[in-house]
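> Sequence plus predicted model, see below.
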Amino acid sequence: MTRISVALAAAGLMGATLAQAGEVEVLHWWTSGGEAKAAAELKAMMQAKGHTWKDFAVAGGGGDAAMTVLKSRVVSGNPPAAAQIKGPSIQEWAREGALANMDAVANANKWDDLLPPVIASGLKYEGHYVAAPVNVHRVNWLWANPEAFKKAGAKVPTTWDEFFVAAEALKKAGVIPVAHGGQNWQDFTTFESVALGVGGADFYKKALVQLDPGSLKSATMEKVLTTFKKVKGYTDANAPGRDWNLATAMVIKGDAGMQLMGDWAKGEFLAAGKVPGKDFVCVAAPGTAKSYTYNVDSFALFRVKGADNQKAQQDFAQAIMSPEFQEVFNLNKGSIPVRLNMNLAKFDSCAKTSATDFVASSKGGSLVPSIAHGMAVPSATEGAIKDVVSQFWNDDKLTATVVMDRLVAAVKSSK
Ligand code: BGC
């Protein structure tokens, strides 16, 4: 026996400690450099509590592959304790009766007071907490390499007109203007930033959140689609199928000038030792400085068997909402804490801008959920409209008019 265990045994505590040690199996898709560093913090925190961490990582940005694997595990009656699930999908799983009630943890730790109400309500099913949130990612960002811009004599754009001027200059300077990965969630990540920048927050909400047919087929949507397609002309021939973090690496190296991506991209810059404002620049995607597309990573807690594992699951939920975890995880992940009133002293200027803009856009009615990242519409509808948008991106013969009809039809048939 070690000296500590002798002392614990003497105090009659060893049995209690061991009885509470359980296993927590966690499904996530955080496998890129920055993501893995952030996930490692979560693992360390659970291990420090004496629990066993069973890593269930399924690679694939945006999480489509992870969701497919999750379905088969739940259907076979063997769900993980926690799975990275967001937005309306939380409600879909709760309706199936698959999720555990986390009210005891949430009430003891005052989650209702610590979370913005719009976010808390998405984590509850019929008034009970079934999921715990880790962060707020902003999706409508543009990442730029200042050296590449200098070489091209270009200015980091704040409007779509400026974006295409900069793209031309970068091209002339022999730099790939836009780093893109041709996967449908990445196509849609670009598309929703274009929709927000060209159409504005009210159009975005009407067309892509409320799915109003008159907005899905409109002069504004036509302008959005043609602007989106024009971006493709500034991507390289190897874009199809490329992972998002490899696209970010192109900007890090200066092979490409810019990338439209959520702030998990910042996690890659930081993991590569790059300094914001010096080695890379973050600005809101063109035309979206006053708006904010949010994407909250959260873990849904599945019903698990055994008191030890249930305790481990509750400790997991409690840990991720703790101020210590919210700070260290988000410093690595590129996002900001979802917990309110946190001290952001250790965070960089991109994170501080994100926090300020989150509050301002929430007050101004321009805080919108990301469709590409599962925050806005049921998963079937999301899949259907993502497919249409990617068809348009990939098929140069498709016209905006045909695509608008397909969007309306996809929404209708997915309901
Ligand atoms: C998730 C992020 C993740 C990104 C790329 C998004 O949907 O919210 O946490 O880093 O996908 O994998």
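Received, thanks.
> Quick check: buried residues in stretch 96-115?
For stretch 96-115, the neighbour count (16 or more other CB atoms under 10 Å) marks 98-100, 102, 105-106, 109, 111, 114-115 as buried. (Glycine included, C-beta is placed from N, CA and C.)
> ditto for stretch 407-415
407-408, 410-411, 414.
> And those, which is closest to the ligand?
Nearest to the ligand out of the buried residues of stretch 407-415 is Ser414 (CB to the nearest ligand atom; 19.9 Å).
> Which ones among the buried residues of stretch 407-415 map onto helices?
407-408, 410-411, 414 (DSSP state H).
> tell me which of those residues is nearest to Ser89?
Each of these was scored against Ser89 by CB to CB, and Ser414 proved nearest at 14.2 Å.
> Leu301 should be in a helix, yeah?
No: according to DSSP: H, G, I helix; E, B strand; the rest coil, Leu301 belongs to no helix; its state is strand.
> which residues touch it?
81-82, 99-100, 102, 130-132, 313, 316-317 (CB atoms under 8 Å, 6 or more residues apart in numbering).
> Just the buried ones out of those residues, please.
For the contacts of Leu301, buried by 16+ other CB under 10 Å: 81-82, 99-100, 102, 130-132, 313, 316-317.
> And the residue nearest to Thr31 when sequence neighbours are not counted, how close does it get to the ligand?
Nearest residue to Thr31, sequence neighbours excluded (CB to CB, 6 or more residues apart in numbering): Ala59, at 4.4 Å. Going from Ala59 to the ligand by CB to the nearest ligand atom, to the nearest Å gives 9 Å.
> Spit out the contact partners of Ala59.
Counting by CB under 8 Å, 6+ apart, Ala59 makes contact with 29, 31, 65.
> For ChimeraX, what selects the buried ones among these?
Buried residues among the contacts of Ala59 (16+ other CB under 10 Å), as a ChimeraX selection:
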select :29,31
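> Could you single out the nearest of the contacts of Ala59 to Ala285?
Nearest to Ala285 among those: Trp29, at 23.0 Å, using CB to CB.
> pLDDT at the closest one, what is it?
Note for Trp29: predicted pLDDT of 97.
> Max pairwise distance over the buried residues of stretch 96-115: which two?
Going by CB to CB, the pair spanning the buried residues of stretch 96-115 furthest: Ala98 and Leu114, at 25.6 Å.
> Give me the neighbour count for the residue of the stretch 251-400 of the chain found nearest the ligand.
For the stretch 251-400 of the chain, the residue closest to the ligand is Trp264, as judged by CB to the nearest ligand atom, at 3.3 Å. Trp264 has 26 neighbours, counted by other CB atoms under 10 Å.
> Leu196 contacts Ala289, correct?
No: judged on CB atoms under 8 Å, Leu196 makes no contact with Ala289 at a distance of 10.5 Å.
> Who has more neighbours out of those two?
Leu196 (28 against 17).
> Would you mind naming what in this protein lies close to the ligand?
29, 35, 61-63, 137, 244, 264, 295, 297, 373 (CB under 6 Å from any ligand atom).
> in the stretch 201-350 of the chain, which spans are helices?
Secondary structure of the stretch 201-350 of the chain (DSSP state H, counting those that start in this stretch): helices located at 213-216, 219-232, 244-253, 264-271, 307-320, 323-333, 349-364.
> Format those helices as TSV; extra columns: distance to Phe203 and mean pLDDT.
As requested, those are arranged in TSV below (distance: least, CB to CB, whole Å; pLDDT from 0 to 100):
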stretch	distance to Phe203	mean pLDDT
helix 213-216	6	98
helix 219-232	5	98
helix 244-253	26	98
helix 264-271	25	98
helix 307-320	35	97
helix 323-333	30	97
helix 349-364	15	97
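> out of those, which comes closest to Ala21?
That would be helix 307-320 among these, by CB to CB, at 6.5 Å.
> Show me what the closest one is packed against.
If contacts are counted by 3 or more CB pairs under 8 Å, 6 or more residues apart in numbering; DSSP states H and E, helix 307-320 sits against helix 14-20, strand 23-28, helix 33-48, strand 82-84, helix 103-108, strand 131-133, strand 298-301, helix 323-333.
> pLDDT of the first one, averaged?
Meaning helix 14-20. Rounded mean pLDDT across helix 14-20 is 48.
> how close does the residue nearest to the spatial centre of the chain sit to Gln313?
The centroid of the chain falls nearest to Asn295 when counting by CA atoms, centre = their mean (4.7 Å). Distance, Asn295 to Gln313, using CB to CB, to the nearest Å: 24 Å.
> now swap in Ala106 and tell me
Distance of Ala106 to Gln313, computed by CB to CB: 13 Å.
> Contact partners for Gly153?
169, 173.
> what's the answer for Ala104, then?
Contacts of Ala104 by CB under 8 Å, 6+ apart are Gln314.
> Asp202: neighbour count?
By other CB under 10 Å, the residues close to Asp202 number 12.
> Just list whatever residues bridge to the nearest residue in space to His28 that is not next to it in sequence.
Among residues not flanking His28 along the chain, Gln84 sits closest, at 4.4 Å (CB to CB, 6+ apart). Applying DSSP bridges to Gln84 gives these bridge partners: Phe299.
> Relative to Asp113, how far out is Gln84?
25 Å.
> quick revisit: partners of the residue nearest to the centre of the chain in the sheet?
His137.
> Mind pulling up the pLDDT for it?
98.
> so Glu268 sits right up against Ala36, yeah?
No: with contact defined as CB under 8 Å, Glu268 does not reach Ala36; the gap is 10.7 Å.
> who's more crowded, the two?
Between Glu268 and Ala36, Glu268 has the larger neighbour count (other CB under 10 Å), namely 26 against 16.
> Noted, bye for now.
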